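S.K.: Prediction below, plus the sequence it came from.
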Amino acid sequence: MSKKLFILLALSCLILSGSALAGWDAQTAATAQDFNAIYFFTDDIGYAAGNNGTIFRTINGGSTAWTDVSTTSATFNDVLFITTFEGYALGTSGTVMKWVNLSTEFQPLAMPAAVATANFKKGSFSGVNRDFAASTGAATAGYLVQSTDSGNSFAETLQTNFAVDGVLRANGVLWAWGKDLGSGNFVILKDSTAVWSNATQQVNDLFMFDANNGYAVGAGGLVLKTTNAGATWSTVTSGLTANLNALYFITAAFGWVVGDSGTIVFTSDGGSTWSSYTGITEDINDIYVKTVVTGSSIKAATVSTLATYIQVHAYICGSSGKIYKLASPGISSFSPAAKKQGWTGTYEVTGTGFLSGATVTFSKTGATGEITALTANVASATSITGIMLISAETTTGTWDVTVTNPDATASQAASAFTVLTNEAVVEISNLWFDGNAYVSPEAGASAAQVSASAVDRQTVRPGTTASLEITSPRGITPGDAQVTFIGVGGSTTITQVFPASAFSSITGTRAVVSYTLPSSNVLPAGEVTITLIGQDDDENTVNFQALVTVAGGAVDPAKSPAGATQPGMGLVGIDPSSGGQTFDPETQTSVPAIIVLPEGEVITVPLTFRIIDWKGQLMYVDHIQAPAGGFVTKINYLIERAKMSPHYSAGVYLIYVTRDDTNAVLAKNKFVIFKK
């Protein structure tokens, strides 16, 4: 029997219909005007701009209320900063405001005469280049307003038959999107060449993560993706119908998309699957994410991208003066602080910001083995409880604990848990399932057969009864010692800690443990791996693995070898004078039996003697009066042919002796009826 523990874990993935409670903290800006754009140049200094002259500023990441710094009534569609001393707010009616040097407010910036009354939309910058999209509303009046000298001067370029909605300069390429006024189609241009066109869906924003990988979003849930530097764009199935207004990606595969009616979604796999936030209802018009390169005095959110953890400051803004910042959970404590290899038991994480569906994981650089949170129950935003398992071969020493919310935000507590060395002193033996001694199907099988599961597994019931003996010189005391049952079949894992009441025949260093799985926690049908984890008083453990097949019908009697005795169970011996477990009703009117009772059993109530076949049909029943004095170790009994059911036939039968008060089985065995 291999005692190495194998636990199969079903990894959960983000799905289209998945959702997370709002993990965005509201910030304060004293306005009811819509915000259309938000931008942060540093971790702490940011700007949000919107309708009717709305421009607000923060110098502490929004930790306190944002400050109104507007000096005009124009509506602003974009805001961007190149340095702390150079920033632009792009607005309607030819309004472009510039933040210069150490000024404390935006100043008007004169634009070329051709765009003096134009509506400025989205802008971009790279190196010495400044690029703004503008439109006058005339049929041929789309403009690119550009500077090639770091914003010292600007010139307009008429875009014939192209109404420009936005522009992005990235990796040496100038991207633009808008409407082709000739064909009426919405288009994406790469260095003035159309690379995508659609008659009905408008593009609202475009983002290039690197030279090859980029995304665009737009009306009616439109999401586009390129992996070949924009040569082609494919439509991504998002499951969204709302207008999508902006996006931001922190890797080629992980990013957020925002839109109308509180639409906030993210993907961690390049758009194959999406998860959404709930709880925000306003139109979200823009998102800006700043990756934290070094330590920041402003609290950042930690995001798990599946490949790594990235710290970010992520902000969104929208209608009715709303600004939100992405929040991640925080860990205050983890208990227990330390346990031994092979241990399983309950844990608790305390902290802040835990969302329903959060997971708990453990990590250690260069470690072997694993620590697994089998369950994670988010009791509240400040507490997660569950059952954890340390594999027997897990590396000792300190381990990090990480809580990851379903929105991929995470928090890690370094060296929060310590794995101690396990003494190999605990033993599990004499394992039985449903009245049959367990026989490993690996015995006599080739390695290839075991690997291919081409072995004859023992059949057990979904609500199986497991019985075993556990010993340890360090002590076996119910309440301190424990047995944990783990069943893994397909994508289903069940965990059951046997209660102290399951322990009997306790000697201090040994106990018999027997327990039936409750109906609320049964094994799945099919091939199942059962792992029994025994723990002594000193929290030393041992893992015992059993390979079984779970079925609803009768169990397989052939798996119980002759002479095997169930732990803690008395034995019924048939005709011991002849040394056989047989009965021939054709030639015998009766056969003597000796009922050997469990050690220490006190009998003060009548007993019932039953014989059943392997289908559970009752073939014989009789009552035995309580013996005088109560304490006995053996009872002589006579099985009589006259009490047998007339429907018996040759075959193998089971004998059960039970207490009348509790129906507990005190003794059992098999015997054979030769013929009829």
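M.R.: Yep, it's here.

S.K.: Doesn't Ala628 belong to a helix?
M.R.: No: under DSSP: H, G, I helix; E, B strand; the rest coil, Ala628 falls outside any helix and is assigned coil.

S.K.: quick one: the helices in the protein?
M.R.: 447-451 (DSSP state H).

S.K.: Name the strands paired with the strand ranked longest in it and say parallel or antiparallel.
M.R.: The strand that spans the most residues within the chain, counting by DSSP state E, is strand 409-420. Strand 409-420 has the following strand partners under DSSP bridges: strand 301-304 (antiparallel), strand 338-340 (parallel), strand 397-404 (antiparallel).

S.K.: Adding mean pLDDT and distance to Trp256, write those strands out as a markdown table.
M.R.: C-beta: built from backbone N, CA, C; applies to glycine. Formatted as a markdown table, the strands paired with strand 409-420 follow (pLDDT from 0 to 100; distance: least, CB to CB, whole Å):
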| stretch | mean pLDDT | distance to Trp256 |
| --- | --- | --- |
| strand 301-304 | 92 | 10 |
| strand 338-340 | 96 | 38 |
| strand 397-404 | 97 | 17 |
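
S.K.: Ok, which of these comes nearest Phe544?
M.R.: Minimum separation from Phe544 across these (CB to CB) falls at strand 338-340, 16.8 Å.

S.K.: Low-confidence bits of this structure, can you list those?
M.R.: 1-22, 102-103, 137-140, 294-295, 442-456, 553-581, 599-602, 629-632, 674-676 (pLDDT under 70).

S.K.: Show me what counts as buried in the longest strand of the chain.
M.R.: Using 16 or more other CB atoms under 10 Å as the test for burial, strand 409-420 gives Thr409, Ala410, Ser411, Gln412, Ala413, Ala416, Phe417, Val419.

S.K.: do stretch 307-315 as well
M.R.: Buried-residue list, stretch 307-315, by 16+ other CB under 10 Å: Ile310, Gln311, Val312, His313, Ala314, Tyr315.

S.K.: Gly38 reaches His313, doesn't it?
M.R.: If you look again at residue 38, you'll see it is Ile, not Gly. No: at 11.0 Å, Ile38 does not count as touching His313 under the criterion of CB atoms under 8 Å.

S.K.: All the strands of the stretch 401-550 of the chain, residue numbers only.
M.R.: 409-420, 427-433, 436-437, 458-460, 465-471, 482-489, 492-497, 503-504, 510-516, 526-535, 541-550 (DSSP state E, counting those that start in this stretch).

S.K.: In contact with Asp205, which residues are there?
M.R.: Residues near Asp205 by CB atoms under 8 Å, 6 or more residues apart in numbering: Lys122, Gly166, Ala216, Val217, Gly218, Leu244, Asn245, Ala246, Leu247.

S.K.: for the fifth one, which residues make a bridge with it?
M.R.: Meaning Gly218. Applying DSSP bridges, one finds that Gly218 bridges with Val203.

S.K.: ok, it - contacts?
M.R.: Gly218 neighbours (CB under 8 Å, 6+ apart): Phe186, Gln201, Gln202, Val203, Asn204, Asp205, Leu224, Asn243, Leu244.

S.K.: Among the residues you listed, name the buried ones.
M.R.: The buried subset of the contacts of Gly218 (16+ other CB under 10 Å) comprises Phe186, Gln201, Val203, Asn204, Asp205, Leu224, Asn243, Leu244.

S.K.: from these, which two are the most distant?
M.R.: Leu224 and Asn243 (14.4 Å).

S.K.: Settle this for me: Val483 is touching Ser467, isn't it.
M.R.: No: taking contacts as CB under 8 Å, Val483 lies outside contact range of Ser467: 10.6 Å.

S.K.: Give the intersection of the neighbour lists for these two.
M.R.: Val513.

S.K.: picking up where we left off before, just the ones of the buried residues of stretch 307-315 in strands?
M.R.: Counted as lying in strands by DSSP E, out of these, are Ile310, Gln311, Val312, His313, Ala314, Tyr315.

S.K.: could you dump these to a markdown table with distance to Val128?
M.R.: What follows is these, written out as a markdown table (distance: CB to CB, whole Å):
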| residue | distance to Val128 |
| --- | --- |
| Ile310 | 30 |
| Gln311 | 30 |
| Val312 | 28 |
| His313 | 27 |
| Ala314 | 29 |
| Tyr315 | 27 |
